[in-house]
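1. Need coordinates for the following:
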Amino acid sequence: MKVSALAGEPTQPSMLANIPRLVTAYYTGQPDPAVPEQRVAFGTSGHRGSSLKNSFNEAHILATTQAICLYRQQQHIDGPLFLGMDTHALSEPALASTLEVLAANGVIVMVDRDNGYTPTPVISHAILTYNRDRKTGLADGIVITPSHNPPEDGGFKYNPPHGGPADGDVTTWIETQANALLADNLRGVKRISYEKARRSSTTHRHDYVGAYVGDLGAVIDMEAIRDAKLSIGVDPLGGAGVDYWGPITERYGFPVTVVHEGVDPTFRFMNLDWDGKIRMDCSSPHAMAGLIALKDRFDIAFANDTDHDRHGIVTRTAGLMNPNHYLAVAISYLFTQRSGWRKDAAVGKTVVSSSMIDRVAAKLGRRLVEVPVGFKWFVDGLLDGSVGFGGEESAGASFLRRDGTVWTTDKDGIILDLLAAEMMAKTGRDPSQLYLDLTKELGIPVYQRIDAPATPAQKAILKKLAPQQIQASELAGEKITGILTSAPGTGSAIGGLKVMTENGWFAARPSGTEDVYKIYAESFKGDTHLKQIQEEAHALITKVLKSAS
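-> Next comes the predicted model:
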């Protein structure tokens, strides 16, 4: 992965998105359903694209919303639909299109009381709060966000009544119906004007901020944070949580310095990411250069991506924490501090997350649930309390309320931020220092993801590999102890391959958007051993792909 010379540098005016052109293209662009790149396509986080490429236009949103209305009818989902958006330029017009279709279909819709922005976890929290103790009239939700993607992108996610990301069967059904509507020139789409939709008896204003903020004490020890009198800094990165920190500090009585309070759809205040692009990735040291530079001003600081489902933790002692490191610390802390959780509540991680989490879980005597990539795999466990914590290597996680019941079934960057402050308040040490304590006992892992070129045909082969296709018995001088093509925690295919030894592992998965495959690797024996794992992994996958083709 070649890092641009511009990585970490301030954004220049010439790099900014042309917002009027972007929004105009949303309404004027006509996607061709015969072109695969212009069809509705749900990935692990919904449909994403850009109006300038005819992959996120009004037609996509009208068709997808109508498909969701049909899905709701089929599944007898007739409670309210909680609707939210982030601060990307395409989110507001997409919300208007969505509301026009929902109102025309008679769906009860809950929009933000002040026409503001709504983080992804707030929608999940609203769905679960409404559905608690209900068997009928269940609610669901839509979040309009492309997460941390560049300013030119738009995104659209559906969360069913369980509150989390829709699983593959649901999204495939919605995708198929939406593309059929596109191919039929939207003839099956019901729609009324935006003005009528806003005034419709089915459209209701909802206090998302008050409901979510008022409940935070159920999941975080806010009193401990208040009493510790920490100096706390936060950068919402111009995202959907920008108006949440004021109410949090007012309600719970501790000050927070918001270093950037503005919203600008060009995101001109960002530092450039690894490839020289504007990307609101709170796990990237390049995109986070601004907050990292301020680390000495605060005892603890944090940031979130645009829809606030990811977290970036900045400590005075170490700067931006590696997401895997913070997940390990959070798990170690929570499972020793939350006495209200079930004694058999498990630790959840994705197959490409650090094995440090495995070692922490073993130390705690907790069952480890290893799942494929995608937060949807944690939904059931979080919902019934059998999984106390679910986390992804890409800085997304959520965990249970203090009493062991569900908080959200989608990633929640805000509670992961506040947890860092709680840890420091309760232990007197920041999360980086707590991680160093873990490494003294459990070892020091080094972890990296790299990309390698692959054709579409090769990616298809990699996605369907079987363990017996790997002939090697050793990896980087160690005996191979396991070869996985399905996740141990679910039995579901991981869409690639994972090879493990006593002190290292690699996983290879095809990219869903680029002609590359990703190699995730980790070693507990240092950088040289990690490099050897990466080199042998690349050679091994190249050999397997050549043989299979």
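2. Going along the chain, name the helices of the stretch 51-200 of the chain.
-> Applying DSSP state H, counting those that start in this stretch to the stretch 51-200 of the chain gives helices spanning 58-75, 91-104, 120-131, 168-183, 194-199.
3. Buried residues of the longest one, list them for me.
-> Meaning helix 58-75. By neighbour count on 16 or more other CB atoms under 10 Å, the buried set for helix 58-75 is 58-72. All C-beta spots, glycine's among them, are computed from the backbone N, C-alpha and C.
4. Kindly report the same for stretch 508-518.
-> Buried-residue list, stretch 508-518, by 16+ other CB under 10 Å: 508, 509, 510, 516, 517, 518.
5. Same list, those residues, but as TSV with secondary structure, pLDDT and distance to residue 484 please.
-> Listed next are these as TSV, based on DSSP: H, G, I helix; E, B strand; the rest coil; pLDDT from 0 to 100; distance: CB to CB, whole Å:
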residue	secondary structure	pLDDT	distance to residue 484
508	strand	95	11
509	strand	93	12
510	strand	91	16
516	strand	85	21
517	strand	90	16
518	strand	92	16
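6. Pretty sure residue 507 sits against residue 487.
-> No. Residue 507 lies out of contact with residue 487 (CB atoms under 8 Å); the separation is 10.7 Å.
7. Give me the common contacts of these two.
-> Listed as contacting both residue 507 and residue 487 by CB atoms under 8 Å, 6 or more residues apart in numbering are 351, 494.
8. Please tabulate the buried residues of stretch 508-518 in JSON lines, including the columns distance to residue 50.
-> Shown next, in JSON lines, are those (distance: CB to CB, whole Å):
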{"residue": "508", "distance to residue 50": "28"}
{"residue": "509", "distance to residue 50": "24"}
{"residue": "510", "distance to residue 50": "22"}
{"residue": "516", "distance to residue 50": "20"}
{"residue": "517", "distance to residue 50": "24"}
{"residue": "518", "distance to residue 50": "22"}
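9. that older thread, of all the helices of the stretch 51-200 of the chain, which one comes closest to residue 378?
-> Residue 378 sits nearest to helix 120-131 of all the helices of the stretch 51-200 of the chain, at 11.7 Å, using CB to CB.
10. Determine the longest helix present in this protein.
-> helix 527-548 (DSSP state H).
11. what's next to that helix, contact-wise?
-> Identification of contacts with helix 527-548 by CB under 8 Å, 6+ apart yields 446-448, 450, 452, 454, 458, 461-462, 465, 469-470, 472, 475-477, 497, 499, 503-506, 508, 517, 519, 521-523.
12. do stretch 496-509 as well
-> If you take CB under 8 Å, 6+ apart as the criterion, stretch 496-509 is touched by 351-352, 355, 373, 462-463, 465, 467, 470, 472, 474-476, 478-485, 494-495, 510, 517-525, 529-530, 533-534, 537, 540-541.
13. Kindly give a single PyMOL line that selects the buried subset of the residues you listed.
-> To isolate the buried ones among the contacts of stretch 496-509 in PyMOL, judged by 16+ other CB under 10 Å, type:
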select buried, resi 351+352+355+373+462+463+465+470+475+476+478+480+483+484+485+494+495+510+517+518+519+520+521+522+523+524+525+529+530+533+534+537+540+541
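14. taking the contacts of stretch 496-509 one by one, which sit in helices?
-> Among these, the ones falling in helices (DSSP H) are 462, 463, 529, 530, 533, 534, 537, 540, 541.
15. which pair in the residues you listed spans the largest distance?
-> 463 and 529 (27.8 Å).
16. helix, strand or coil for residue 451?
-> strand (DSSP: H, G, I helix; E, B strand; the rest coil).
17. what's near enough to touch it?
-> Applying CB under 8 Å, 6+ apart, we find residue 451 in contact with 1, 511, 514, 516, 517, 518, 519.
18. Check residue 369 too.
-> Counting by CB under 8 Å, 6+ apart, residue 369 touches 346, 347, 348, 349, 381, 387, 489, 490.
19. helix/strand/coil for the fourth one?
-> By that I understand residue 349. Residue 349 - assigned by three-state DSSP - is strand.
20. What's the local residue count around it?
-> 31 (other CB atoms under 10 Å).
21. Mind pulling up the pLDDT for it?
-> The per-residue pLDDT reported for residue 349 equals 98.
22. wait, doesn't it sit right on residue 328?
-> No. Between residue 349 and residue 328 there is no contact under CB under 8 Å: 9.5 Å.
23. which residues are in contact with both of those two?
-> Shared contacts of residue 349 and residue 328, counting by CB under 8 Å, 6+ apart, come down to residue 357.
24. Could you tell me how many residues sit around residue 211?
-> 15.
25. quick one: it and residue 452, what's the gap?
-> Separation of residue 211 from residue 452 (CB to CB, to the nearest Å): 46 Å.
26. Check residue 262 too.
-> Using CB to CB, residue 262 is found at 40 Å from residue 452.
27. Need the residues that contact the worst-scoring helix or strand of the chain on mean pLDDT.
-> Between all helices and strands in the chain, the lowest mean by mean pLDDT, DSSP states H and E belongs to strand 42-43, at a mean of 86. The contact list for strand 42-43 (CB under 8 Å, 6+ apart) reads 166, 171, 172, 174, 175, 512, 513.
28. please redo it, this time with the cut-off set to 6 Å
-> 171, 175, 512 (CB atoms under 6 Å, 6 or more residues apart in numbering).
29. and of these, the nearest to residue 296?
-> Distances from residue 296 to those, taken by CB to CB, are shortest for residue 512, at 39.4 Å.
30. Dig out what the residue nearest to residue 490 when sequence neighbours are not counted forms beta bridges with.
-> Nearest residue to residue 490, sequence neighbours excluded (CB to CB, 6 or more residues apart in numbering): residue 371, at 5.3 Å. As for beta bridges, residue 371 partners with residue 350 under DSSP bridges.
31. any idea how far residue 456 is from residue 371?
-> Where residue 456 is concerned, residue 371 sits at a distance of 26 Å (CB to CB).
32. quick one: secondary structure of the nearest residue to residue 442 once chain neighbours are set aside?
-> Distance criterion CB to CB, 6+ apart; nearest residue to residue 442, sequence neighbours excluded, is residue 359 at 4.4 Å. At residue 359 the chain is in helix, as set by three-state DSSP.
33. Could you report the neighbour count for residue 359?
-> Other residues close to residue 359 by other CB under 10 Å number 19.
34. got a pLDDT number for it?
-> Residue 359 carries a pLDDT value of 98.
35. Just the buried residues of stretch 492-503, please?
-> Here stretch 492-503 shows 494, 495, 496, 497, 498, 499, 500, 501, 503 as buried, counting by 16+ other CB under 10 Å.
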